[in-house]
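Participant: only geometry, no sequence info:
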């Protein structure tokens, strides 16, 4: 949510930003906000005047009663009652209009960074960097589900019977590899100076509304029936929500946290949910990083955070690219974002969105009341988030880039201690 003062003083900038995001249907919201804000301020001014008048009239009543001028005092009392009734009406009207204003403000996108490329959707994202040597072996790389099944590591049929499409069983060495990647990611982030956290996996609606846009919530979140609770789509949600309505000491910033959680997503309208495999699923696990910092530090932290993700994939010998998200691909709360896509030797291209790094400036902090204390008073903090790793999707890139011609899979040095010293995983037919 942006500062309403920006709409008051520079509505054209806000409208131009909406156009850059190709959300022209939201242009009218700016005018509606201006009108609502003006009406609220008129009501507030009237209410303040009536309260001031009430104090003055009350003093007059006391003086008149001391002078035994009861009739005049009663007339003024009647005026006070009338004014009080109007104050009550004003407060009700102001509350209704303020709620309408808040809902509209939630729909107006954050102001994107000046260097964000303008484009309609992810097809217009811009490649900024490639890391590692993208190779295509001279032998065929099978579809990832076939690789997993050949390693006796995936059971989709049973998952369909128990849970439906978009779910899976991982078994044997693949299940162990999945856990190994998460454990390695945890330790990788701790070594980077981040504090490890396991957060709640369910959050209340006021936190949901604070961390994401309405469109995202509708497409992602599972609601617990009969309760004001939602399953998290990423631990960023509960990690940022942890600081709702708090004032952080300036000396404690930046807060650098890394969290593990399962994640649950409806994936409404998503393509691929019916496809065989584990690319797009309703349930997965993830290691996340978040940073809460001062505004002047958020640009540097954004660059540090995506670089950490890049270093992580580099340590696992996975070639990848960093893609700058264009304006139309940015969620409404984001100022700037980039995706990390892995090299797919099977497809001979980068793919996957293995991670996404985002700077949300003060949008979440404004919604949730996350502030820090300075010598000059309190200020809104900036929040950033980034995926460290999200298997099982990341397993696809891992398997394709570490698959040998005989069907075995190499285990990078960084993971071997988490895999009991194994250097390879072999197809089940080899009995190893």
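Facilitator: That came in fine, so what should we check first? All values derive from a computational prediction rather than experimental measurement.

Participant: so for stretch 5-21, what gets flagged as buried?
Facilitator: Along stretch 5-21, these residues count as buried under the neighbour rule (16 or more other C-beta atoms under 10 Å): 7, 14, 15, 17, 18, 20, 21. Heads up, the C-betas are built off the backbone N, CA and C, glycines and all.

Participant: same check, this time on stretch 53-67
Facilitator: Neighbour-count burial for stretch 53-67, counted by 16+ other C-beta under 10 Å, picks out 57, 60, 61, 64.

Participant: now do stretch 130-144
Facilitator: Applying a neighbour-count criterion of 16+ other C-beta under 10 Å, the buried positions in stretch 130-144 are 131, 132, 134, 141, 144.

Participant: got it, and stretch 277-297?
Facilitator: By neighbour count on 16+ other C-beta under 10 Å, the buried set for stretch 277-297 is 277-294, 297.

Participant: which ones among these are found in helices?
Facilitator: Helix and strand membership here follows DSSP state H; of the buried residues of stretch 277-297, not one is in helices.

Participant: quick one: low-confidence ranges for the protein?
Facilitator: Applying pLDDT under 70 to the predicted model, the residue ranges of the chain that meet it are 268-275, 429-432.

Participant: which residue is most remote from the mean position of it?
Facilitator: Seen from the C-alpha centroid of the chain, the residue lying at the greatest distance (C-alpha atoms, centre = their mean) is residue 68, 66.9 Å away.

Participant: closest to residue 157 among the buried residues of stretch 53-67?
Facilitator: For those, the minimum distance to residue 157 (C-beta to C-beta) is 79.3 Å, reached by residue 57.

Participant: what helices or strands is the one helix or strand that closest one maps to leaning on?
Facilitator: Secondary structure assigned from DSSP states H and E places residue 57 in helix 27-66. Secondary-structure packing of helix 27-66 (3 or more C-beta pairs under 8 Å, 6 or more residues apart in numbering; DSSP states H and E): helix 4-9, helix 11-20, helix 70-107.

Participant: CSV for those helices, including distance to residue 40?
Facilitator: Putting these into CSV (distance: least, C-beta to C-beta, whole Å) gives the following:
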stretch, distance to residue 40
helix 4-9, 10
helix 11-20, 16
helix 70-107, 5
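
Participant: who's in contact with residue 258?
Facilitator: Residues touching residue 258, when contacts are defined by C-beta atoms under 8 Å, 6 or more residues apart in numbering, comprise 186, 189, 190, 194, 195, 196, 197, 287, 288, 289, 290, 388.

Participant: tell me how many other residues surround the fifth one.
Facilitator: By other C-beta atoms under 10 Å, 11 other residues sit near residue 195.

Participant: not counting its neighbours along the chain, what's nearest it?
Facilitator: If the residues on either side of it in the chain are set aside, residue 195 comes closest to residue 257, at 5.2 Å by C-beta to C-beta, 6 or more residues apart in numbering.

Participant: for the one you found, helix, strand, or coil?
Facilitator: Residue 257 falls in the strand class when you classify it by DSSP: H, G, I helix; E, B strand; the rest coil.

Participant: same check on residue 216?
Facilitator: helix.

Participant: now do the strands in the stretch 101-250 of the chain.
Facilitator: When secondary structure is read from DSSP state E, counting those that start in this stretch, the stretch 101-250 of the chain shows strands at 126-131, 154-155, 169-170, 195-197, 202-203, 222-223, 230-231, 246-249.

Participant: kindly reformat these as TSV containing distance to residue 427.
Facilitator: TSV is the format used below for the strands of the stretch 101-250 of the chain (distance: least, C-beta to C-beta, whole Å):
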stretch	distance to residue 427
strand 126-131	30
strand 154-155	13
strand 169-170	16
strand 195-197	35
strand 202-203	39
strand 222-223	36
strand 230-231	36
strand 246-249	52
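
Participant: of all these, which lies closest to residue 416?
Facilitator: Judged by C-beta to C-beta, the one of the strands of the stretch 101-250 of the chain that comes nearest to residue 416 is strand 169-170, at 19.3 Å.

Participant: circling back to that earlier point, the residue nearest to residue 195 and residue 239 touch, don't they?
Facilitator: Yes - taking contacts as C-beta atoms under 8 Å, residue 257 lies within contact range of residue 239: 6.1 Å.

Participant: compare those two (neighbour count), which wins?
Facilitator: Neighbour totals were compared for residue 257 and residue 239, and residue 239 leads with 25 against 21 (other C-beta under 10 Å).

Participant: rewinding a little: ok, which of the helices and strands packed on helix 27-66 comes nearest residue 401?
Facilitator: helix 11-20 (36.0 Å).

Participant: helices or strands up against that closest one?
Facilitator: helix 4-9, helix 27-66.

Participant: relative to helix 11-20, how tilted is the last one?
Facilitator: With axes from the mean of the first three to the mean of the last three C-alpha atoms, to 10 degrees defining the directions, helix 27-66 sits at 140 degrees from helix 11-20.

Participant: quick one: contacts for residue 240?
Facilitator: Residue 240 sits next to 210, 211, 290, 292, 364, 368, 370, 383, 385 when contact means C-beta under 8 Å, 6+ apart.

Participant: my guess is the third one contacts residue 243. True?
Facilitator: Right, the one you point to is residue 290. No - distance between residue 290 and residue 243: 9.7 Å, which falls outside the contact criterion (C-beta under 8 Å).

Participant: overlap in contacts, the two.
Facilitator: Common contact partners of residue 290 and residue 243 (C-beta under 8 Å, 6+ apart): residue 255.

Participant: let's see which of the contacts of residue 240 end up in strands.
Facilitator: Residues of the contacts of residue 240 located in strands (DSSP state E): 290, 292, 370, 383, 385.

Participant: what would these look like in a markdown table with distance to residue 167?
Facilitator: Formatted as a markdown table, the ones in strands among the contacts of residue 240 follow (distance: C-beta to C-beta, whole Å):
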| residue | distance to residue 167 |
| --- | --- |
| 290 | 27 |
| 292 | 34 |
| 370 | 35 |
| 383 | 31 |
| 385 | 26 |
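
Participant: which among these gets closest to residue 157?
Facilitator: Sorting the ones in strands among the contacts of residue 240 by how near they are to residue 157, with C-beta to C-beta, puts residue 385 at the top with 35.3 Å.

Participant: list the contacts for that closest one?
Facilitator: Residues in contact with residue 385 (C-beta under 8 Å, 6+ apart) are 234, 236, 239, 240, 288, 289, 290, 291, 357, 358, 360.

Participant: what's the answer for residue 17, then?
Facilitator: 109, 111, 112.

Participant: lovely, talk soon.
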